[in-house]
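Chemist: 3D model of this:
(2 chains)
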Amino acid sequence: MDFITIVFLLYSFIAFYFLFLFILTYIQNKKEFFSVPSITKEYSLSIVVPCFNGAEHIEDTIKGLLNLNYKQLKKIIIVDDCSTDDSYAIAKKFEKKYPGKVVVVQTPKNTGCSAGAKNYGAKFVKTELIGFTDDDSHPEKDSVNHIIGFFDDEKVGAVTSTVLVKNRDNFILKLQSIEYKVIKFSRKLLEFLDSIYVTPGPLAIYRKSVFDRVNGFDEKNLTEDIEITWHLQYQGYKIKMAVPSRVYSVAPSKVKEWINQRNRWNIGGLQTINKYKGTFLKKGMLGNFVLPFFVLSWLVGLFGIFILGYRVFRTVALKYLSASYSVQAQTAVLSLSDINLTISALVFFGLSVFFLSLFYTIFALSNVKEKQYKRENFFTVGFYMLFYLLAYPVILIISLYKFLKGDTKW
Amino acid sequence: MLQNKKRVFLEALLLTLLVFLLGMLVGVLFEEKRVDVIKEYYIQSEVSLMDIFALNNFANLKDVGCDNLRNSNVDFADRIYEEAKLLDRYEKSGRLTDDMNLQHKKYDVMRTFLWINTMKYNELCEEKRTHTIVYLYDYSTKDLSIKATNSVWSKILEDLKEKYGHDIILIPIAIDSNLVSLNSILENFEIEKYPALIVDNKYVIEELSSVEEIEEYFE
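Modeler: Got it, this is the predicted structure:
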């Protein structure tokens, strides 16, 4: 058995393992998948919205928050991070119209990151719970109600929600919509394993006392929502996910923006791994699963792309040499004998992993019912499986390079 | 809490091991099936080879006609040439077991036998000599340049075979099979690098050449 075959089998094994882990977790917990605890106590809540040059969406975001039917929502605090557009003026209009309910504050100087604005806004919060939503996110009317019941358990430090893509006008947005749904499905499964690793920015609610205890968000981290989740896990708090609680977020509509976003996620992930590396195989599920899972994802992704690159390079070089030698020897550059349609046993492994992943993806998609959007078509799902996911490891290389270079700015 | 969570991790591991081992078993059986096909071909070829040997030995005692000898050699060469192509395809797609390598070695021995036999034939029937091309290549090379050269030689030889059909005996042999008989024969030729062609047991060609250039060596 050659090295490439061993690598291929190892990758298949890892893929099978995680797919089975998720499938078994779902089977064992499917009754609780959509369930949320009923509200026994209405905790007071403030929602902080960090805003930097978000004039395009901030109005809709504030309207959406005002439309929430949670009665104990005391304040909506818009934190303008010294925007250079009209964000501040737009938010101020709402403050004037809803005095006491909408509060607009401005950071003394641009903090340069979402965490800075969030922490600044948190200083104005006096309620039992503190929520955060991005300036381009739109929570559904009853999204907060689905979350509140979880806080009856004193060990719960944070509750996250289902994040879906709002704008689906072009192909890359449609692909991200699929991705968000798969992530949402997987995140809930991770909750059953006490392993939620992120409370995403579009809508997450924290117990204020716990938020203060962990000193809020880490402003040096590019993915403060990942870091705080690991911090909460580190402190022994539970993280929950309310599946019926939905928030629609504006996703990057251009490839360059998408790459930048993914780079930020990856670099933030690396920063978080680096910060919590000492918990490896310690500290409950954080050190025993979340951290190893993250590290493994990086190793598998980077090594995989290296091997793939090496194979592609060798194949291209071989074809090039063969073609030039063929010309030199005056024989056909391509002949039927170059085409080998004999199937390898490894193809069956590859196909099994692919179809099991496809089944998982389709199942995750069918788990989200949306009246206002069309279902994903076969071509988009196929493209997502075959090409979109393959782009991940390539971005990992760019992210690693930037991380090692110290380029960790927003 | 961790203890409770461990169960599903273990269950997933057991399920993965089960599916994986089952997959490996099916994969090995799948490849073994191909080895069986090659073995079957090999046995038939072996019988044919023995038959040719018998004919050649008989020809030493009594005249059986050069055409008869020539046809049997060429037919046999064509047959194992086709089988070599199948063997090559199976080898390229065989990943889990090394059984095909052994088959390859067995075929190399057989092709060496055939080469010796054609040498005998050409001595016996000097007037009706048939062109013999022995293609010697490095089977397990990782060097891209050599692999590319091998693939181009294969195409050239296929073109040559197509052009000459029954008038040429084509014998591809892997030089890294470490066969004593083959090594002894090769000592008679001054070959500096592989792949190489030996045309009519006389001329050694080490550089890629066109069909026309090879033809120039035919006497």
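
Chemist: Just after the helix or strand in which B:A54 is found, pick out the following helix or strand.
Modeler: Assigned by DSSP states H and E, B:A54 belongs to helix B:2-61. Per DSSP H and E, helix B:2-61 leads on to helix B:66-93 as the next helix or strand towards the C-terminus.

Chemist: Show me what that following helix is packed up against.
Modeler: Using 3 or more Cβ pairs under 8 Å, 6 or more residues apart in numbering or on different chains; DSSP states H and E, the elements in contact with helix B:66-93 are helix B:2-61, helix B:99-124, strand B:168-174. Where C-beta positions appear, they are placed from N, C-alpha and C, glycine not excepted.

Chemist: looking at the ones you listed, which is buried most?
Modeler: Stretch with highest mean neighbour count among the helices and strands packed on helix B:66-93: strand B:168-174 (a mean of 23; mean count of other Cβ atoms under 10 Å in any protein chain shown).

Chemist: mind listing what's buried in the helix or strand following that one?
Modeler: Note on strand B:168-174: by DSSP H and E, the next helix or strand toward the C-terminus is helix B:180-186. Using 16 or more other Cβ atoms under 10 Å in any protein chain shown as the test for burial, helix B:180-186 gives B:L182, B:I185, B:L186.

Chemist: and what of stretch A:4-16?
Modeler: Of the residues in stretch A:4-16, A:F8, A:L9, A:Y11, A:S12, A:F13, A:I14, A:A15, A:F16 count as buried by neighbour count, 16+ other Cβ under 10 Å.

Chemist: out of those residues, which touch chain B?
Modeler: Counting by Cβ under 8 Å from any Cβ of the partner chain, A:F8, A:L9, A:S12, A:F13, A:F16 from the buried residues of stretch A:4-16 sit close to chain B.

Chemist: quick revisit: may I see the helices and strands packed on helix B:66-93 organised as JSON lines, with mean pLDDT added?
Modeler: Putting the helices and strands packed on helix B:66-93 into JSON lines (pLDDT from 0 to 100) gives the following:
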{"stretch": "helix B:2-61", "mean pLDDT": "83"}
{"stretch": "helix B:99-124", "mean pLDDT": "83"}
{"stretch": "strand B:168-174", "mean pLDDT": "88"}
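
Chemist: For these, could you give me CSV that also reports distance to A:I148?
Modeler: Formatted as CSV, those follow (distance: least, Cβ to Cβ, whole Å):
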stretch, distance to A:I148
helix B:2-61, 26
helix B:99-124, 65
strand B:168-174, 73
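
Chemist: looking at those, which is closest to chain A?
Modeler: Closest approach to chain A among the helices and strands packed on helix B:66-93 (Cβ to the nearest Cβ): helix B:2-61, 3.4 Å.

Chemist: how much does the closest one deviate in direction from helix B:66-93?
Modeler: Between helix B:2-61 and helix B:66-93, the angle comes out at 170 degrees (axes from the mean of the first three to the mean of the last three Cα atoms, to 10 degrees).

Chemist: can you list the buried residues of helix B:180-186 in CSV and add distance to chain A?
Modeler: What follows is the buried residues of helix B:180-186, written out as CSV (distance: Cβ to the nearest Cβ, whole Å):
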residue, distance to chain A
B:L182, 25
B:I185, 26
B:L186, 23
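
Chemist: and the helix of greatest length in chain A, what does it pack onto?
Modeler: In chain A, assigned by DSSP state H, the helix with the most residues is helix A:291-328. Counting contacts by 3+ Cβ pairs under 8 Å, 6+ apart, helix A:291-328 packs against helix A:3-29, helix A:255-276, helix A:389-405, helix B:144-164.

Chemist: I'd like to know which of these is closest to A:S83.
Modeler: Closest approach to A:S83 among the helices and strands packed on helix A:291-328 (Cβ to Cβ): helix A:255-276, 18.0 Å.

Chemist: wouldn't A:L66 be in contact with A:K97 here?
Modeler: No - using Cβ atoms under 8 Å as the test, A:L66 is too far from A:K97 to be in contact (9.3 Å).

Chemist: higher neighbour count, these two?
Modeler: Between A:L66 and A:K97, counting by other Cβ atoms under 10 Å in any protein chain shown, A:L66 is the more crowded of the two (14 against 11).

Chemist: For A:S38, the count of nearby residues, please.
Modeler: The tally of other residues near A:S38 (other Cβ under 10 Å) stands at 9.

Chemist: Would you check how far apart it and A:N29 are?
Modeler: A:S38 sits 19 Å away from A:N29, going by Cβ to Cβ, to the nearest Å.

Chemist: cool, and A:S297?
Modeler: When distance is defined by Cβ to Cβ, A:S297 is 23 Å away from A:N29.

Chemist: circling back to that earlier point, grab the two from the buried residues of stretch A:4-16 that are most spread out in space.
Modeler: Spatial extent of the buried residues of stretch A:4-16 (Cβ to Cβ) is set by the pair A:F8 and A:F16 at 12.4 Å.

Chemist: so for stretch A:297-312, what's the average pLDDT?
Modeler: When pLDDT is averaged over stretch A:297-312, the result is 89.

Chemist: need the contact list for residue 135.
Modeler: Using chain A. For A:D135, the contact set (Cβ atoms under 8 Å, 6 or more residues apart in numbering or on different chains) comprises A:V49, A:P50, A:C51, A:F52, A:G54, A:H57, A:I58, A:T61, A:S87.

Chemist: looking at chain B here, not the other one
Modeler: Neighbours of B:Y135 in contact, by Cβ under 8 Å, 6+ apart: B:W153, B:L157, B:L170, B:I171, B:P172, B:I173, B:P195, B:L197.

Chemist: can you tell me the helix or strand for A:H231?
Modeler: Using DSSP H and E, the element containing A:H231 is helix A:224-234.

Chemist: Other residues contacting that helix?
Modeler: A:113-115, A:118, A:157-158, A:194, A:196-201, A:204, A:206, A:210-211, A:214, A:216-218, A:221, A:239, A:265, A:268-269, A:271-272, A:275-276, A:279, A:283-286, A:290.

Chemist: in stretch A:370-379, what counts as buried?
Modeler: Using 16+ other Cβ under 10 Å as the test for burial, stretch A:370-379 gives A:E376.

Chemist: before we move on, what about stretch A:260-271?
Modeler: Buried-residue list, stretch A:260-271, by 16+ other Cβ under 10 Å: A:R262, A:N263, A:R264, A:W265, A:N266, A:I267, A:G268, A:G269, A:L270, A:Q271.
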